[in-house]
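Student: this one's sequence-less:
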């Protein structure tokens, strides 16, 4: 039991230290590129399932080749939709399928349900069957395409412009949620702001304040549970259970 308490305390401390380290580091790393997630809808039935991974690779290449990082935990993501515009069957040995399709690329924000930029490319693929024709078409998508580069450049600028214009509102909303005890929702709002935005230092400071309130609130609850358990039992079992609660109290909390 003592070993389990030790492990619980160690894991908790590591989590807290990691989060505080990230919060402190982001205030000093405003030159980092905005991370973009990659998403291909499983509902895109027009695209063969085994071709999804190829599309994901293409989207990832578009992001990386234009100087951004990929992170599927990011609220910003790039995705695409495929519209088949024409299909021909070329007779001969072997048979050939020729497919033309429009692939529309989007960079969007899941937090505010906002599409920042979109561009559509026409591609052509040839294969022995429809699946191989799709693969051929997707392989013709070049991440270095100037239109795709502009997609990323424009979307990045729009993301920054939007969040910079909303910083005050985000801080006010987070403060309101924190006063209601909704600390995780408040931190979620503040963490969505890219650290490349001008004025991000204020977001960082607000997040640190909310986080402090959060760990104070959670730690007080744990302390109260420990006191109640010990008061009710005052024996070895009660001591061990109370000790488990105390092991989770953050060393950064006001009641530590």
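Tutor: Arrived safely. All values reported here derive from a predicted model rather than from experimental measurement. Residues are numbered from 1 along each chain as shown.
Student: Give me the neighbour count for residue 225.
Tutor: Per other Cβ atoms under 10 Å, the neighbour tally for residue 225 reads 16. C-beta here means a position set from N, CA and C on the backbone, and glycine is covered the same way.
Student: Which residue is the nearest non-sequential neighbour of it?
Tutor: Spatial nearest neighbour of residue 225, excluding adjacent residues (Cβ to Cβ, 6 or more residues apart in numbering): residue 245 at 4.8 Å.
Student: In this structure that neighbour contacts residue 220, no?
Tutor: No. Contact criterion Cβ atoms under 8 Å: residue 245 and residue 220 do not qualify, at 11.3 Å.
Student: ok, the two, which is more surrounded?
Tutor: The residue with more neighbours, out of residue 245 and residue 220, is residue 245; 21 against 14, by other Cβ under 10 Å.
Student: Look up how far residue 218 lies from that one.
Tutor: 11 Å (Cβ to Cβ, to the nearest Å).
Student: and what of residue 195?
Tutor: From residue 195 across to residue 218, the span is 25 Å (Cβ to Cβ).
Student: With neighbour numbers in mind, choose between those two.
Tutor: For residue 195 versus residue 218, the count of surrounding residues by other Cβ under 10 Å is larger for residue 195: 18 against 15.
Student: gap between that one and residue 141?
Tutor: With Cβ to Cβ as the criterion, residue 195 and residue 141 are 31 Å apart.
Student: so what's residue 37 closest to, chain neighbours aside?
Tutor: With Cβ to Cβ, 6+ apart as the criterion, residue 37 has its nearest non-adjacent residue at 3.8 Å, and that residue is residue 77.
Student: which residues sit in contact with that neighbour?
Tutor: Residues near residue 77 by Cβ atoms under 8 Å, 6 or more residues apart in numbering: 36-39, 107-108, 110.
Student: could these go into JSON lines alongside secondary structure, neighbour count and pLDDT?
Tutor: JSON lines is the format used below for the contacts of residue 77 (DSSP: H, G, I helix; E, B strand; the rest coil; neighbours: other Cβ atoms under 10 Å; pLDDT from 0 to 100):
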{"residue": "36", "secondary structure": "strand", "neighbour count": "28", "pLDDT": "92"}
{"residue": "37", "secondary structure": "strand", "neighbour count": "19", "pLDDT": "92"}
{"residue": "38", "secondary structure": "strand", "neighbour count": "21", "pLDDT": "92"}
{"residue": "39", "secondary structure": "coil", "neighbour count": "17", "pLDDT": "88"}
{"residue": "107", "secondary structure": "strand", "neighbour count": "27", "pLDDT": "96"}
{"residue": "108", "secondary structure": "strand", "neighbour count": "22", "pLDDT": "95"}
{"residue": "110", "secondary structure": "coil", "neighbour count": "13", "pLDDT": "89"}
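Student: between those, which is closest to residue 146?
Tutor: Taking Cβ to Cβ as the measure, residue 146 lies nearest residue 107 of the contacts of residue 77, at 16.0 Å.
Student: List the beta-bridge partners for the closest one.
Tutor: residue 78, residue 117 (DSSP bridges).
Student: right, and it touches residue 74 too?
Tutor: No. Residue 107 lies out of contact with residue 74 (Cβ under 8 Å); the separation is 11.1 Å.
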